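Visitor: Here you go, sequence then predicted model.
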Amino acid sequence: MAVVQDSKEVYLGFDFSTQQLKVVAINEDLDVIHQNHVHFDSQLPDFRTEGGVHVAADGLRITSPVLMWVKALDLLLDKMQKEGFDFSSVRALSGSGQQHGSVYWRTGASRTLEQLDPTFSLHQQLQDSFAVGDSPVWMDSSTGPQCERLQEAAGGAAKLADLTGSRAYERFTGNQIAKMCQERLQDFQDTERISLVSSFAASLFLGAYAAIDYSDGSGMNLLDIRTKKWSEVCMEATAPHLDRLLGTPLPSVSVLGPVSPYWVRRFGFSDSCRVVAFTGDNPASLAGMRLQQGDIAVSLGTSDTVFVWLQHPRPALEGHVLINPVDWRHFMALLCFKNGSLTRERVRNRCAEGSWEVFSAALRHTPLGNNGYIGFYFDVLEILPRAVGIHIFDADDNKVSSVSAEVEVRALVEGQFLSRRLHAERLGYSIIPGSRVLATGGASCNKDILQVLSDVFNAPVYTIDVSNSACLGSAYRAKHGVLDQSTVSFFDILKKAPEARLVATPQPTAQQVYNLMLQRYGQLEKRVLQEPRPSNAAANLIG
Ligand code: ADP
Ligand code: XUL
């Protein structure tokens, strides 16, 4: 992207995601002035990753080479410089990383970070700085035994969820660390600091170990989400001396310090450019989507993701409660549903001649509430609820084996959105006057689907035009981070950001129809959960 940079005040937001490293630059008016990226598989082929990761023969252990991330940063900054990006105008930077991954810095690495020589790349200088070269990432699901042990130590899954915001998940960092300590003791003993992917990336800019922020720290099964301190019970059950290895967590809005002299001398950053704490990609997206209290963000992508701003969390056995990235006194819920667009596509192909227009027409031709029909469509083992298969019920709650094509289309879409609402409410979300639904992802271009979303949530639906919400959110957070936060809220600085676009408002009967239907859906979900699952689905129980 060509650089149009006449601004004296620029903010950078990076995202170290699974498949690529991305950056967005904004000016003081929050206009995007530059975007760039490095794709790991194609631009760093020496690391031989597929989709940015290495999958072990067992299919469970999934890692990424930490030096690939370092080299990607070298490459990205070189690209920006070649394209004429003026680093001297960057007032602050922040970023995000895929959640849960862990980086193991070798003893002595802090000295290397402090003394980086601007005539060499980071990659050349950090070759020997990692005790573990392959970082476990969020896709890893090899820590079942560690999860069980942690839950036992915490007094059960519900107690662990109440303490840390989530029951034990295989990808969560604490369980990954426990496994590392058990299986690679020598490397573990040679580790002087453990970072998340986000705090590792911040450390590169800071030239020193960056604190783990509260929000990304909530994805570890280690942080007490209420006291904002490491939980002693969880730390002890995970590994010895862990508090020393993890450092003290800080609010996600914290300014960690200026960029290190390396960046000033090598790329011409100003020595007053600040590094604002990096966080997880989902929390950063919440900031990028400008979600406010009462709003719910629904991303209709390959899988569907829901974020909610929470004031009073009710951690449950399903879903995750994280400390809020823009206001650490509040929380956010993160819910992930596997059966999203791919299931909608399958039903479109079967019932709507493979056409989104025909699919949309079916939604328009069928009434709100679908004459009592309710559908559960779990082509693959769903995360929320942990059920699989297709289950359709009539108005008398009798299971039926088939319905007309049009009824099926509505049963699918209503069922999906009832489920999104039910599970968000279980974690403490409630619709309040002024609540908005912010829709994003591939299916958010379909107005008829969004009309059902609006009706089921009884709230207006808005769409926002952000392809890089995690980067954008980090650039916004960088700007907010350097202002006086006692007088300026995150939302004060967003006043100049482009408005979200209203695309659907609830129909008059929506509230009455869907309040009742939500109760029925919850009861029928219990029945669906009691149905026997195919045995190969059972392997997926944790994670
Ligand atoms: P990803 O999770 O890979 O980022 P996207 O957010 O790009 O995915 O969403 C891709 C999905 O969007 C496709 O799988 C497709 O089913 C869905 N999609 C695209 N156009 C429409 C449409 N008009 N109506 C409903 N769904 C759509
Ligand atoms: C969230 C999760 C993923 C990663 C990768 O819990 O595991 O969304 O953050 O993007």
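Guide: Structure's in. What do you need? Ligands and ions are numbered 1, 2, ... in the order given.

Visitor: tell me which parts of this protein are close to ligand 1?
Guide: The chain comes close to ligand 1 at residues 301-302, 341, 344-345, 356, 441-443, 445-446, 449, as judged by C-beta under 6 Å from any ligand atom. (Glycine included, C-beta is placed from N, CA and C.)

Visitor: Surely Arg426 and Arg314 touch.
Guide: Yes. Counting by C-beta atoms under 8 Å, Arg426 touches Arg314, with 7.2 Å between them.

Visitor: Could you pull up the contacting residues of Pro136?
Guide: Pro136 sits next to 61-63, 101-102, 142, 176, 179-180 when contact means C-beta atoms under 8 Å, 6 or more residues apart in numbering.

Visitor: Can you read off the pLDDT for it?
Guide: Reported pLDDT at Pro136 in the predicted model: 97.

Visitor: So what does the residue of the chain found nearest ligand 2 look like in phi/psi?
Guide: Per C-beta to the nearest ligand atom, Gln99 is where the chain lies closest to ligand 2, at 3.3 Å. When read as degrees, to the nearest 10, the backbone of Gln99 gives phi -80, psi 160.

Visitor: which sections of the stretch 401-543 of the chain are below the confidence cut-off?
Guide: Across the stretch 401-543 of the chain, the ranges flagged by pLDDT under 70 are 465-467, 534-543.

Visitor: mind redoing it with 50?
Guide: In the predicted model of the stretch 401-543 of the chain, residues 536-543 satisfy pLDDT under 50.

Visitor: And the residue nearest to Phe491 when sequence neighbours are not counted, how close does it get to Ala470?
Guide: Nearest non-adjacent residue to Phe491, counting by C-beta to C-beta, 6 or more residues apart in numbering: Gln292, 6.5 Å away. Distance check for Gln292 against Ala470: by C-beta to C-beta, to the nearest Å, it reads 18 Å.

Visitor: the more surrounded of these two?
Guide: Higher neighbour count among Gln292 and Ala470: Ala470, with 29 against 16, using other C-beta atoms under 10 Å.

Visitor: Against which helices or strands is the helix or strand where that one lies packed?
Guide: Using DSSP states H and E, Ala470 maps to helix 469-481. Counting contacts by 3 or more C-beta pairs under 8 Å, 6 or more residues apart in numbering; DSSP states H and E, helix 469-481 is packed against strand 10-16, strand 20-26, strand 90-97, strand 274-276, helix 281-288, helix 490-493.

Visitor: Quick check: the residue sitting furthest away from the middle of the chain vs Leu322, distance?
Guide: The centre of the chain is farthest from one residue, Asp396, which by C-alpha atoms, centre = their mean lies 38.8 Å away. Asp396 is 41 Å from Leu322, where distance means C-beta to C-beta.

Visitor: With Ile464 instead?
Guide: Distance of Ile464 to Leu322, given as C-beta to C-beta: 21 Å.

Visitor: Mind checking which of these two has more residues around it?
Guide: The residue with more neighbours, out of Ile464 and Leu322, is Leu322; 30 against 20, by other C-beta under 10 Å.

Visitor: Contact partners for that one?
Guide: 165, 215-216, 218-219, 225, 280, 282-283, 331-334.

Visitor: Quick one: list the elements packing against the host helix or strand of Leu453.
Guide: Assigned by DSSP H and E, Leu453 belongs to helix 447-457. Secondary-structure packing of helix 447-457 (3+ C-beta pairs under 8 Å, 6+ apart): strand 296-300, helix 356-365, helix 405-426, strand 437-440, strand 461-463, strand 501-504, helix 510-530.

Visitor: got the angle for that helix vs helix 356-365?
Guide: For helix 447-457 against helix 356-365, the angle by axes from the mean of the first three to the mean of the last three C-alpha atoms, to 10 degrees is 40 degrees.

Visitor: Now find how far off-centre helix 447-457 is within its chain.
Guide: A distance of 24 Å separates the centroid of the chain from that of helix 447-457, by C-alpha atoms, centre = their mean, to the nearest Å.

Visitor: Can you list the neighbours in contact with it?
Guide: Residues contacting helix 447-457 (C-beta under 8 Å, 6+ apart): 296, 298, 300, 344, 359-361, 363-364, 368, 410, 413-414, 417-418, 420-421, 431, 435, 437, 439, 443-444, 460-461, 463, 503-507, 510, 513-514.

Visitor: If any of those residues are buried, give me the PyMOL selection for them.
Guide: Selection of buried members from the contacts of helix 447-457 for PyMOL, criterion 16 or more other C-beta atoms under 10 Å:
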select buried, resi 296+298+300+344+359+360+363+368+410+413+414+417+418+420+421+431+435+437+439+443+444+460+461+463+503+504+506+510+513+514
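
Visitor: Next, give phi and psi for the nearest residue to Asp41 once chain neighbours are set aside.
Guide: Among residues not flanking Asp41 along the chain, Thr49 sits closest, at 5.5 Å (C-beta to C-beta, 6+ apart). Dihedral pair for Thr49: phi -90, psi 160, per degrees, to the nearest 10.

Visitor: Could you check how many residues crowd around Thr49?
Guide: Other residues lying near Thr49 total 19 when counted by other C-beta under 10 Å.

Visitor: Likewise for the one 3 residues further on?
Guide: Using other C-beta under 10 Å as the criterion, Gly52 is surrounded by 24 other residues.

Visitor: Give me the distance between it and ligand 1.
Guide: 14 Å (C-beta to the nearest ligand atom, to the nearest Å).
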